[in-house]
Each structure stands twice: as C-alpha cells, then as structure tokens.
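In: here is my input; please provide its structure:
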Amino acid sequence: MPRKGMRSLWFSTKPPSSFLVSHSPSPSRRLSDAAMERSIAAAETMIMKWNPEASTFAKVTSLFYENRGEARDFINSVAELHKAMHFLDKEDPQSEKLVRSQKLMEIAMKRLQKEFYQILSMNRAYLDPESVSARSSLTSTRSSMSDYDDDDGSEEEIRIAGESVTKVEQVSVAVMADLRLIAESMISTGYGKECLKIYKTMRKSIVDEGIYRLGVERVSNSTIHKMDWELVEMKTKNWLSAVKIAVKTLFNGERTLCDHVFAASDTIRESCFAEITKEGAQILFGFPELAVKNKKNSPEKVFRMLDMYTAISENWPEIESIFSFESTSAVLSQAITALVKLGESVRTMVADYESAIQNDKSKSPVPGGGVLHLTVAVMNYLSLLGDYSNILPDILAYSPLPEKSSLPESYFDSSNSNGSPKRAISLRFAWLILVLLCKLDSKAAHYKDVSLAYLFLANNLQHVVDKVRKSNIKYLVGDDWISKQEARVKQFASSYEGLAWGSVMESLRRDPTAGMSAEEVKECLRRFNRALEQAYLKQSGCVVDDSNLRQQIKLSITRKVVEAYREFYHTQGVEAWKGDRHLVRFAPQDVRNYLSDLFFATVEAGSSSLPSRLRSHRSRFVLKCTLFFLFRGRGDA
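Out: Numbering: from 1, shown residues only. Next comes the predicted model:
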C-alpha cells in the first residue's frame, strides 16, 4: 500500500552492512533482526518522548531550545530508523515492523517540521541578513553532510566561530547549524517538500519586507511616467541608499543562509534562493529602467541616472556572484537592462544639453561685462559630470564624437584621442567647453562698448578655467589646455585695459619726462583729468568677479597710469601748482587710491561690508567727477 513517507525515502542511503543478510534463516539473520528491533525500539522511545500528541511537555517545549544534545540524538534516531525501514522494505515490504516504523517516521517528521518553523520564527533577529552575512566569512557554507556525523562537529564549529564574532553572531551560527541539521534529516528521509515550503514562505516574507523597508516599492510604467521629477528624484535617492544594503547585506545574507541550510543539495538551494529573492530583486533592479521613462526634464536628472549606473556597476561583482544560478538569470538580465537604459538616457541628455547651449537665444549683454548665467550653469553641469569620469567612458564610448578637425589644434591636442576611452572622454569635455566658448563669442558681439566685450570674455573664460582647475575636468583636458586658456584670459584683459584706459595713458606724452612749456603742462593736466574722470565713471559699472583677475587688472592699470603720471607730476613741477584745485585735481597717490577703490568697489558695490574708507573715497570722487562736468565750461577745462 502507498506510504507517504516512503516517497524517495531510501534513494540516497545504503542499508548498513549489518542488515545485508542471506534469505536463509541463520544465526546472523536472527542477530540482524534483533539489532534492527533494538534500533526501532530505541528510535521509538526518543520519537515518542517528543511526540506533541503524546504529552503537554512535548507540545509546548522546543527540542532544540531545551537540549541541543538530545536534539542531535533525536536526529541520529531518525537516521537509524530510516536505515531499518530501508532494510525492511527490501526484505519484507508487508512487514508489520515497516508499518510501525513508517508511523514513527511521520511523527518524527512532524516534530522536525515544528522545530524548523519555531527556529525560523523565533530567531529572526539572529537570522537577519547582517548577522548571516558576517557568518559567511567565518565558515564554509558548502560543507558536506559529514560535518554532522561527529557528535561534537556542530559544537566545535560554533566554538571556533565564537572566538572572533559577537554574541549575536555566535547565536546566528548555532541557529544556522540547527536549521541545516533538520533540513538534511528531512530531505534525506523524503520530507524535503514540507521543509522547503516552511523555509520559502518565511524567508521570502523577510526579503520582501526588507526591500519595502529600504524604501523600494513596485511602481507601474504609467504611474512613473506622469510623476513630477521631484518625486522621482526622491524615490531615486531612496533607491541609491537601498541598493548597496540590499546587495551586500539582504541578498548576500539570504544567499549565505540558503547555501548553508541546504548545502546537501545544489538543486534545492538554487530553487529555494531563486523563489525567495527573485521578486524583490527584480523590483530593485527594475526601478532604474522605470525612472528613465519619466518624461519630466530637469538638469539634475542626468546625475541621478549616473548615480544609479554607478551603484549597479560598483556592486556588479557581488550581484553577479549572488545571482549566479541559472534560475536567477532573470535578475542579472534585469540589472544589465537597467545599465543599458541608463547609459542610453545619459547619452541622450548630454547630447540635448549640448544642443541647448548652442541654441541659447538670450541677447541682453550682462551688465558690467560680468559672468553670464549660461557660463555658470554649463560649468557647474560639466564639473558635476566630471565627477563621473570613471564610468563615462563606458557610457559615452558609443556616442558619436566631434570630428577632430572641428577642434582647433591650438585649442586642444586631439591627436591621441583614438583607441583610448579616457582620451575620447577628454575630447568630449573639450568639445563641450568649446561649444560654450563659441557661444560666449557671439554674446560678446552684443556689447556696444568693445572694451566691455573684452572684459566679458576675460571674466567668463576665467570662470571656465577656475571651474576646470577645481574639478576632475583638469585631469581630462590637461595642464596644457589650462595654460592656453589662461594666456587667452590675459589677452582679453590686456585688450580691455587698452580700450578702457588707453585714453588716460595717451593723455600724457609718450615721454612724460621730456621738456614741456607751462602751457603744455597745463593742457596735459587737463587732458589727464578729463580722461581719468571719464574712464572712472565709465568703468565704475564694470564687474570683475574673480579676485585674482581683478588684482591683475588693477596692478596692470595702476602700473601703467600711476607710474606715468608720477613721473610727469614730479618731472614737470606740477606739485608747485597743487594749490590750484581746478588744475591739479590729483596727486599720484590719489590716482592710486581711486583706482584701488574702483576695483574693490566693483565686486562689493552696495555691500555694507565694503570698508567705510573705500566707500567715502569712491563717493567723494564720483561727486568730484560730477561737479567737474557741471562746471567744465568755466575756464578750467
């Protein structure tokens, strides 16, 4: 008749040699029968002691919690009973002893089912992924069943592990050893299905709960398509915080536990792990593909896509190792698809950003020749993009690059760009900056004052160089590129100086020490006063944001104007007329102070932090210039 526990009961275990006897009655046969009877009787005593239906004590007490030594004896009794049943099935399938043994086996398996469930449910804290992950580095998870043949094997393993782990991890080791002991006993006696059902149900709930607690949830295509980017970005940040924990702790811990508990069967542990983690892992690795589909545009979007790409790339060795089973190949496919979609999205957004720079239509000149908002935005964008220079070669490798002929050799040496992904990215960044610089050239043409146009170019190129120096872009474009651009800044600044302050310099003779008549000196003074005041008023609205550039321009103008005026002032005897305030308006030190005030005030115009002395100098001088123009027709001009 069919018997439930017999299913595959004896497929894996050979009967002991003491049970292999001839069919003819003999003293050895009678001895084997007696030994078998004793084995069944001993097993019955142990099994019935822990039969939940036989006593209240057995019903409310955990065998493995109460006495781990007796629990091991219980497992050994089941193994002996299994051997006896194997022998009886061959010798006398209709034997009453076999029926009796089968009933005992069913009772034993119900006990072990109960123990397995209790251990899993009562020790969730000790089977959390973090504790289990720590366990993986302590002992091999692929030990054979022979580890438990020695009564002291499990205890020895726990003792060794306990020397280097915390109390929680020690308990985790013990619990995992108990689970493995029960699982191997149930599987070897044909009750693996019942064991797996309990394990899968409980552990899958833990994985699913873990994914949810990490802030990752299933989202439909239609829902994420309509979401505001701010909400998608919030979910993306949650995902970025979750993915490393999920891979290195949650999934890794679950793989470690599964490999250990079901080490006796590769097939079982593979199917078990797949069913437990597949859904949660696909939710996790499916989110990036969904985030890409959100149609809302935002400058930050490309960086969130790069963050997700980086997260998967950096954790790829662990992902590939954890989900190495054929049954979990769908998880790897999902992760690879996420990388592909993220890469496509990044390439599209970088190309769109380049087009946006080229298509910028703003025509209003920046007041004072300051730094254009477009320059700030683009360089912030490129600086952040440069932080991903380690993964951009993988992403942009298949993106069309600008023709080398479109990059002037004087701007960037692209001769070594072929064959190296890093050089290709260098070329890409150099090209994007060139697109910006070309746009700046067209913006400069909107200034009616050419000197302001040059100051605008100097300010903006200086901002570009500063951002490159302070970011990873400097490693991509190189020191030679930076040196070339710094030289161009100096050229723009020099052109600004010549156009904005040239009339002041030219108001004095080329050789201020040459002999001059009194009238010539007076006329020269009038020209200088007029030119200086006009230049000051005109340049008082100019902006030089960068302190180093401002200092360079101030020193250059001061050196050219003040030094020439000082020589003229002292050589031509101007000091003798300084009582005539209409004629001698400035001493050389006054000119130096006013120029210094001008450039300091340019940056902090209207700021309460501007030193009071500088504010007063500036206001007095502007008032003097104003009065000069009001009364210029009264014989002194």
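
In: what's around the nearest residue to Ala281 once chain neighbours are set aside, how many residues?
Out: For Ala281, ignoring the flanking residues on the chain, the nearest one in space by Cβ to Cβ, 6 or more residues apart in numbering is Val331 at 4.4 Å. From N, CA and C alone the C-beta is placed, and that goes for glycine too. By other Cβ atoms under 10 Å, the residues close to Val331 number 24.

In: let me know the pLDDT of Val331.
Out: If you check Val331, the pLDDT there is 96.

In: per the annotation, how does this protein divide into domains?
Out: Domain assignment of the chain by automatic domain parsing yields the ranges 4-200, 206-324, 367-498, 508-630.

In: ok so, going back, the residue nearest to Ala281: which element?
Out: Secondary structure assignment for Val331, by DSSP states H and E: helix 329-358.

In: and stretch 263-280, how far out from the chain middle?
Out: The offset between the C-alpha centroid of stretch 263-280 and the centroid of the whole chain comes to 30 Å, using Cα atoms, centre = their mean, to the nearest Å.

In: list the buried residues for that stretch?
Out: Using 16 or more other Cβ atoms under 10 Å as the burial criterion, the residues of stretch 263-280 that qualify are 263-265, 268-280.

In: do stretch 372-388 as well
Out: Within stretch 372-388, judged by 16+ other Cβ under 10 Å, the buried ones are Leu372, Leu374, Thr375, Ala377, Val378, Met379, Tyr381, Leu382, Leu384, Leu385, Gly386, Tyr388.

In: what does stretch 488-506 give?
Out: Buried-residue list, stretch 488-506, by 16+ other Cβ under 10 Å: 488-490, 492-493, 495-497, 499-501, 503-505.

In: where does the prediction get shaky in the stretch 251-400 of the chain?
Out: Of all residues in the stretch 251-400 of the chain, those with pLDDT under 70 make up the ranges 398, 400.

In: helices along that one, start to end?
Out: Listed from the start of the chain, the stretch 251-400 of the chain has helices (DSSP state H, counting those that start in this stretch) covering 252-261, 266-292, 301-314, 316-322, 329-358, 373-386, 392-396.

In: relative to His570, which of those helices is closest?
Out: The minimum distance between His570 and those falls on helix 373-386, with 44.3 Å, by Cβ to Cβ.

In: out of the buried residues of stretch 263-280, which is nearest to Thr236?
Out: Checking the buried residues of stretch 263-280 against Thr236 with Cβ to Cβ, the nearest one is Gly280 at 18.3 Å.

In: how about the closest one: what's its closest non-neighbour residue?
Out: With Cβ to Cβ, 6+ apart as the measure, Ile211 is the residue that lies nearest to Gly280, at 4.3 Å, once sequence neighbours are left out.

In: where in this structure is pLDDT low?
Out: When the per-residue scores of the chain are filtered using pLDDT under 70, the ranges that remain are 1-32, 129-169, 398, 400-407, 409-410, 413-421, 509-515, 573-581, 600-637.

In: center of it, which residue is that?
Out: Computing the C-alpha centroid of the chain and ranking residues by Cα atoms, centre = their mean puts Asp307 first, at 4.5 Å.

In: now the element after the longest helix along the chain, going C-ward?
Out: Secondary structure of the chain read by DSSP state H shows that its longest helix is helix 473-507. The helix or strand immediately downstream of helix 473-507 is helix 518-539, counting by DSSP H and E.

In: I'd like the helices of the stretch 251-400 of the chain as CSV, with distance to Ala453 appended.
Out: Output for these, formatted as CSV (distance: least, Cβ to Cβ, whole Å):
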stretch, distance to Ala453
helix 252-261, 61
helix 266-292, 42
helix 301-314, 32
helix 316-322, 51
helix 329-358, 20
helix 373-386, 15
helix 392-396, 34
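
In: and of those, who's closest to Trp239?
Out: Comparison of those against Trp239 by Cβ to Cβ identifies helix 266-292 as nearest, at 5.3 Å.

In: returning to that earlier point: now render the domains of the chain as TSV, adding distance to Ala351.
Out: What follows is those, written out as TSV (distance: least, Cβ to Cβ, whole Å):
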stretch	distance to Ala351
domain 4-200	41
domain 206-324	11
domain 367-498	7
domain 508-630	31
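
In: of these, which is nearest Gly343?
Out: Gly343 sits nearest to domain 367-498 of all the domains of the chain, at 4.5 Å, using Cβ to Cβ.

In: send me stretch 556-575 as PDB with only the CA atoms.
Out: Included here for stretch 556-575 are C-alpha records, laid out as PDB according to Å, rounded to 0.1, in the frame of the first residue of the first chain:
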ATOM      1  CA  SER A 556      48.500  96.400 -14.600                       C
ATOM      2  CA  ILE A 557      46.400  99.600 -15.000                       C
ATOM      3  CA  THR A 558      48.000 101.100 -11.800                       C
ATOM      4  CA  ARG A 559      51.500 100.400 -13.100                       C
ATOM      5  CA  LYS A 560      50.800 102.000 -16.500                       C
ATOM      6  CA  VAL A 561      48.700 105.000 -15.300                       C
ATOM      7  CA  VAL A 562      50.100 105.900 -11.900                       C
ATOM      8  CA  GLU A 563      53.800 105.400 -12.800                       C
ATOM      9  CA  ALA A 564      53.400 107.600 -15.900                       C
ATOM     10  CA  TYR A 565      51.500 110.200 -14.000                       C
ATOM     11  CA  ARG A 566      54.000 110.200 -11.100                       C
ATOM     12  CA  GLU A 567      56.900 110.800 -13.500                       C
ATOM     13  CA  PHE A 568      55.000 113.600 -15.200                       C
ATOM     14  CA  TYR A 569      53.900 115.100 -11.800                       C
ATOM     15  CA  HIS A 570      57.400 115.300 -10.400                       C
ATOM     16  CA  THR A 571      59.400 116.000 -13.500                       C
ATOM     17  CA  GLN A 572      57.200 118.800 -14.800                       C
ATOM     18  CA  GLY A 573      56.900 120.500 -11.400                       C
ATOM     19  CA  VAL A 574      53.200 120.000 -11.100                       C
ATOM     20  CA  GLU A 575      53.500 119.900  -7.300                       C
END
